[in-house]
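Chemist: Next comes the sequence, and after it the predicted model I'd like to discuss.
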Amino acid sequence: MGPMGSMQPKWVPTRETRTAMSAPEPLLELRDVVKAYTSTAGADPMPVLRGVSFAVQAGETVAIVGPSGSGKSTLLNLIGALDTPSAGSVILAGRDLAGLPEAELARIRNCDLGFVFQLHHLLPQCTVQENVLVPTLAISTPDAGGERAARARQLLGRVGLTNRLDDLPGRLSGGERQRVAVVRALINRPKLLLADEPTGSLDQDTAASLVDLLVTLNRDEKVAVILVSHAPALAARMGRTLQLRNGKLEPLI
Amino acid sequence: MNTRTLILRSLRYYWRTHLGVVAGTAVSTGILVGALLVGDSVRHTLAAQFEARLGRTAFALMAGDRFFRSDLAADLARRLQTAAAPVLALPCIAVAGDGHARVNTAQVLGVDARFWAMASDDASRQGQVQVTSASREPANPDRVNAGLRTGGREAAGLAVPPSGGPAGDALPHGPGGPALGPDEAFLNEPLAARLGAKVGDEVILRIEKPGLLPRAGPQAAMGRPALGFRLTVKGIVPDRQLGVFSLKPSQAMPCNLFVSRDWLAAELALPDRANLVVLAQRPAAAPAPAELDAALADVLQLADAGLRLRPIPATGGLALESERFFLDPAVAESAMLPGVPAQPTLTSLVNDIRTWDDRATPYSFVSAPGAPLVPDDMGDDEIILTQWLADDLSARPQDNLNLSYFVWDAATGLREASAILRVRAVVPLTGAAADPDLTPALPGLTDADSCQDWKPGLPIDLKRIRPKDEEYWQQHHGTPKAFVTLATAQRLWANRYGRLTSIRYQVAPDQEERLTRELRARLKPTTLGFVFRPVREEGRKAVAGAVDIGQLLLGLSFFLVAAALTLAALLFVFSVESRAAQIGTLLALGFRQRQVRNLFLGEGLGLAALGSLAGVVLGVAYAWLMLGVLSGAWSGAVGGVAVAAHLGGVPVATGVLAGLVAAVAALSLAIRHTVRKPVGELQRLGDVADSRTRTGAWTIAWAAVAVCAPLAAFAIAVHGHAGRGTEVAGTFFGAGALLLLGGLAVFRLLLHWLATGGSRNVLSLADLALRNGARRQGRSLATAGILACGVFLLVAVAANRHDPTREAQTPHCGTGGYLLYGETALPLRPDVDTPEGRRASGLDAERFKPASLTALRVRDGDDASCLNLNHVARPRLIGVRPEEFAARAAFAFARLPRDADPVDPWERLMPAAAGDAIPAVADDTVITWGLGLKLGDTLTYTGDHGETVRVRLVAALANSIFQGSILIPESAMLQHFADSSAVRLLLVDGPVEDATPLCAALTEALQDAGLDIQPAAARLAEFSRVENTYLSMFLALGGLGLVLGTLALGIVVLRNVLERRGELALMRAVGFRRGRLVALVLTEHLLLLSAGLVLGSVAAWIAVLPALASPAGAVPLVAVGTLLGAIFAGGCLCAWLATVAALRGTALAALREE
């Protein structure tokens, strides 16, 4: 309708605008992250990551694959606030990790993130239950009412280790140890779980069951998962797969 | 689950690797605790000795060589409301009844019941004095137990409670305490042991017969006779019951012989006399010095000062006279009472009065009685004769007469002088001219019934006495035969002892009491030599300032402690590094670095606590072992005292706390860098060596240390070399430690250079070995540091050890070139080293011809040598003639003032050299260690007349036979200390081959004087024994540090190789033989071994340069070289064993593990 009529042209949002208006803020966002290492004095820095950008939503599962030495663990360390980028930004829950004090980074690692390493890195001197509760020691507040201990038992029960609470890691199988490591990573209800080659030391069946566990926990605990692996079959279990190639991250086709 | 649980879990799980940390901490704590316990035990032993020596005695009253009333003690006791006891104390010689044993340095104490009441022990005060069992074996005479003995039981160095032991036989006692009859004696335990005497045995007591006349007066020229008594031993007095009574602060136990004071005084013709009063401490506050002096002034009688007022029939007045013949100048001055007419007089013996035609009258008294006998206008060159003398000489007025008489000078001795006087008049021998009371009593002369009985202590020729002289003596006794003016008499006969022999008061005899009161009121006890010594306070200070053995041990053990802590820290770091992945995990889980570090520190604290507690056991064991050694092979370090172990809570707690703090600090420092590594690096397995370089800031810091530390060491050495006492020891350790630190900093920089490509040449095995050696810089530095510390200690100790008896016959040696050194218990003739003196002493026989004698005067005091642990305030004085030492260039000087003449250093001892103080010389060790002083400092003494005498240290001797004493000019000794000193020291020069026969001959000839004589070199060796004992201790402790060092090297090698098993396995896989790999690894670690040896040796040599530059220094190159060789060989062996052990197994197995 024109000016003779009462009809005004109707504003129609574009697809992008509609997307922008309705998309939630990502849990994790990397913007042009660059990481380079200096190997010897005087030599030019060797870039490992050459401008990585991607985002992870809350509750999402992402797999990052790539050949050995491509920088997958480096990328995970940057996300996990264990290292700082040479350039670019790592934004977690809306906060740029760069410039945060060490105490705050430690708090983020303890409360917002969970780590699962290729080697379980359980403390051999502590029992299964105690290993799960180790992250809680970084928080100075006491465990009033034993809530954390109860959560530990509950999580360990979910992964089938109810009867192994008082065993030392030396008495567990490799898969059992990794399950304990996974539970340890979840004890403080993190928003994001980082798993760096968690199946690297496991056989195929055990590896598969571990990934199943991750998927289940992702659904039940509403925790986002970033899985680094060089096994495509395991990566395919994640909702999205990205490939790290030549220092850049791109969707795996 | 909480932090404590995690720490406890970790402690329990890693107990194997933690064992080494606990052991290292236990060792370091044990050394600290042990050293403190030893020091505490020595202190308690000295304190126990001090209590045993003095009992309840707080003050001692002495009056030089005077003997005062024994009732003075009771008077003082009443006045001061405290207990007091008179004592007759004299040096003596004690000989076993059968003559098989002899003690020349004993002390006889004439006591009564009041003395025994001074004991601290309640039983003793109540008269229940215990005696050790008669069947008890005599103790080792060379070692005396400082502990408390009961019933002869000596519990191997442990203090014995007073109430223990068999009762034994009680000493015979009367009402109030032990009683002694005539010819009876108690011995103390040391004397009984040395004589091998027991109850019922006989002992012979020899003492110099004391007299009322001044000790150093004219009568000293002839010497005083020695008396001998054969006594029966009635009991042995235990130490705690004043058996070891002594006023000298020394751990050397005195040899005491107790007799009845009444009996001894009677035998010495000193009835009711004493020369010492001991006063007990009051329950209330101790009296101030002013109160003591006031009390003494109140109760002092004329008799105590040797004065008497007696009626003079000839004048009807009273005369004040002295039993010392001359009136003390201070007494004479104060005795001229205002408003009391008085006439001073002076009378003297004249050997010969002779006319111009050689008519002579022998041995007459000549007096200066004043008016009316001597008219006011009489000239000072005139003399009035009595008729008797005029007739004997056929002399008339205006005749000239020559008077010959003795004059006494303590320096030159007795000599005869003469004067010519003109006869003014002749007076009849009646009335005032016939007054025998003008001549005061002169023992041996005026109390003789006939001239032939004269024994005046002067060299008179009795053959000159004629019958008419004997007749005169019978009729007129000591009546003067001639008179002169007072000015003439004082010109001719006055001396340091006085210018008057009496003061005659023209008052009625019934005024005696009033006059006495007035004279007493004007007497100043201090001018008469009366002095109160606060012996208890002096003793406390001596103990408090004693050589701190604990501090010494701590200082010696510093490097040991550091080595043990470094070892513990090294093992802890290894343990932490092996758990690097855990650290990374914790950081990744959200722990902060501080939290992770605190977790490991918590483990470290637990380990340190365990180690410290274990260290208590080690410390007690170490102390027990050290005390045992100090009582045996190393007894020289504590002056021969058997130290009683004292397990005090304070030293244990201090040692534990110090060990705990040191261990925690070391462990904290050790892991500081490990926790800071990146998480990724921590989580990587295998070698996580810091191959990355340090930042520039660290490099600059190490460079700064490398420059500043040696400079600081130099500054400390320059400043501290002239310092006091323990500062010199601190200089040695401080400078050495700083030099070592500087050297280690240089080594660290070298490692950094190697690690950052400093030697990037063509790759060779040697180059590879160097680079490998620099991979773990911190570890390498710690290993080299431990070795360097141990080597430093050993080399520095070995370099300081020397033999002072080398070239013992050369004058510049510590013996002064003298062959023999002897001391007597009783005085010798002052002229014993002159031909006449030797003749009179029986030293002119043929067998003595080769010997030349130098006699020196000694004033007793405290022993300031290294043999006495106690701090001393008044060292013994020796009067020397500097010109004699200068003539033979005797002795060497360790330190001289800058303006001293290096050609004639003894000129510093010339009387005018020290301004208002007496110049003095002493051994460098005495000045530094014994007195804690330095050149230019002064000591204060009290002279014979109560005057303050300052003695200034002007030069220091190097290790001489005079150690323990202060040398002053003989002229100064005679001026201020003539009465309190005596010739008792002999230096004998002669052919070396005559040493033994001369020793024997002199001992026999002078046995009545109690001569102890030995080769001068042997005496020097005794003093060196103490120093060498300390050095032996250093060597032993250093050896222990070395063991820790080589052990650390072995552990480091083992660790390094195990960490690189895969790398070395790869090298074997590519063709390297095992032997070549062993050589490669050995080469890497020889770098550390060599660095440790070189750094330690260089730092040690530079640190001891000041000592080496001293004339007394001597470098034992062979010993040092052998030592270093042994260290190098031991280190190579440890490294080789560790390498071979680590490279066992197949390459494949190692590769698979990788």
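Modeler: Noted; the coordinates are in hand. Numbering: from 1, shown residues only, chains lettered A, B, ... in the order given.
Chemist: how long is stretch B:948-965 from one end to the other?
Modeler: Criterion CA to CA, to the nearest Å; first-to-last residue distance in stretch B:948-965 is 19 Å.
Chemist: Please spell out which residues along that stretch are buried.
Modeler: B:949, B:951-965 (16 or more other CB atoms under 10 Å in any protein chain shown). Every residue, glycine included, has its C-beta placed from N, CA and C.
Chemist: cool, stretch A:104-117 as well?
Modeler: Buried residues in stretch A:104-117, counting neighbours by 16+ other CB under 10 Å, are found at A:105-117.
Chemist: likewise stretch B:983-995?
Modeler: Residues of stretch B:983-995 classed as buried by neighbour count (16+ other CB under 10 Å): B:983-990, B:994-995.
Chemist: Contacts for it, please.
Modeler: B:809, B:816-830, B:832-833, B:850-858, B:878, B:998, B:1002, B:1009, B:1011, B:1013, B:1015-1016 (CB atoms under 8 Å, 6 or more residues apart in numbering or on different chains).
Chemist: Enumerate the residues of the stretch 1-150 of chain A near chain B.
Modeler: A:41, A:73, A:77, A:80, A:82-83, A:102-103, A:106-111, A:113, A:115, A:117, A:119, A:121, A:123-126, A:129-130, A:133-138, A:149 (CB under 8 Å from any CB of the partner chain).
Chemist: now, which of the buried residues of stretch B:948-965 lie within helices?
Modeler: Per DSSP state H, helices hold no members of the buried residues of stretch B:948-965.
Chemist: Now stretch B:600-619 - C-alpha only, PDB.
Modeler: Extracted C-alpha coordinates of stretch B:600-619, given in PDB (Å, rounded to 0.1, in the frame of the first residue of the first chain):
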ATOM      1  CA  PHE B 600      54.700 -29.800  49.000                       C
ATOM      2  CA  LEU B 601      56.000 -27.500  51.700                       C
ATOM      3  CA  GLY B 602      53.500 -29.200  54.000                       C
ATOM      4  CA  GLU B 603      55.200 -32.500  53.100                       C
ATOM      5  CA  GLY B 604      58.500 -30.900  53.700                       C
ATOM      6  CA  LEU B 605      57.400 -29.600  57.000                       C
ATOM      7  CA  GLY B 606      56.300 -33.000  58.000                       C
ATOM      8  CA  LEU B 607      59.600 -34.500  56.900                       C
ATOM      9  CA  ALA B 608      61.600 -31.700  58.600                       C
ATOM     10  CA  ALA B 609      59.600 -32.300  61.800                       C
ATOM     11  CA  LEU B 610      60.300 -36.000  61.700                       C
ATOM     12  CA  GLY B 611      63.900 -35.400  60.900                       C
ATOM     13  CA  SER B 612      64.200 -32.800  63.600                       C
ATOM     14  CA  LEU B 613      62.800 -35.100  66.200                       C
ATOM     15  CA  ALA B 614      65.000 -37.900  65.000                       C
ATOM     16  CA  GLY B 615      67.800 -35.300  65.200                       C
ATOM     17  CA  VAL B 616      67.300 -35.100  69.000                       C
ATOM     18  CA  VAL B 617      68.300 -38.700  69.400                       C
ATOM     19  CA  LEU B 618      71.200 -38.200  67.000                       C
ATOM     20  CA  GLY B 619      72.100 -35.000  68.800                       C
END
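Chemist: Is that stretch in proximity to chain A?
Modeler: No. Between stretch B:600-619 and chain A, judged by CB under 8 Å from any CB, nothing touches; the nearest distance is 10.5 Å.
Chemist: what mean pLDDT would you report for that stretch?
Modeler: For stretch B:600-619, mean pLDDT rounds to 91.
Chemist: repeat for stretch B:17-25
Modeler: Per-residue pLDDT values over stretch B:17-25 give a mean of 87.
Chemist: Check stretch B:894-906 too.
Modeler: 76.
Chemist: now stretch B:117-128
Modeler: 64.
Chemist: Which segments of chain B make up each domain?
Modeler: Residue ranges for each domain of chain B read B:1-56+B:547-685, B:65-298, B:325-495, B:697-805+B:1024-1154, B:820-1023, as given by automatic domain parsing.
Chemist: And the pLDDT for the residue in the stretch 1001-1150 of chain B positioned nearest to chain A?
Modeler: When scored by CB to the nearest CB, the stretch 1001-1150 of chain B has residue B:1062 as its residue closest to chain A, at 17.0 Å. The model reports residue B:1062 with a pLDDT of 72.
Chemist: that older thread, present the buried residues of stretch B:983-995 as CSV; the columns should include secondary structure, distance to residue B:1128 and pLDDT.
Modeler: Below are these laid out as CSV (DSSP: H, G, I helix; E, B strand; the rest coil; distance: CB to CB, whole Å; pLDDT from 0 to 100):
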residue, secondary structure, distance to residue B:1128, pLDDT
B:983, strand, 57, 90
B:984, strand, 54, 91
B:985, strand, 50, 93
B:986, strand, 51, 93
B:987, strand, 48, 93
B:988, strand, 49, 92
B:989, strand, 48, 90
B:990, coil, 49, 87
B:994, helix, 49, 83
B:995, helix, 44, 85
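Chemist: contacting residues for residue A:152?
Modeler: A:129, A:132-133, A:183, A:187.
Chemist: Ignoring the adjacent residues along the chain, who's closest to residue 191?
Modeler: No chain specified, so I'll use chain A. Among residues not flanking residue A:191 along the chain, residue A:112 sits closest, at 5.1 Å (CB to CB, 6 or more residues apart in numbering or on different chains).
Chemist: Actually, chain B is the one I wanted.
Modeler: According to CB to CB, 6+ apart, the nearest residue to residue B:191 is residue B:255 (3.8 Å).
Chemist: In this structure that neighbour contacts residue B:189, no?
Modeler: No. Contact criterion CB atoms under 8 Å: residue B:255 and residue B:189 do not qualify, at 9.5 Å.
Chemist: give the contact list for the single nearest residue of chain A relative to chain B.
Modeler: With CB to the nearest CB as the measure, residue A:110 is the residue of chain A nearest to chain B, at 2.3 Å. The contact partners of residue A:110, by CB under 8 Å, 6+ apart, come to A:135, A:138-139, A:188, B:589-591.
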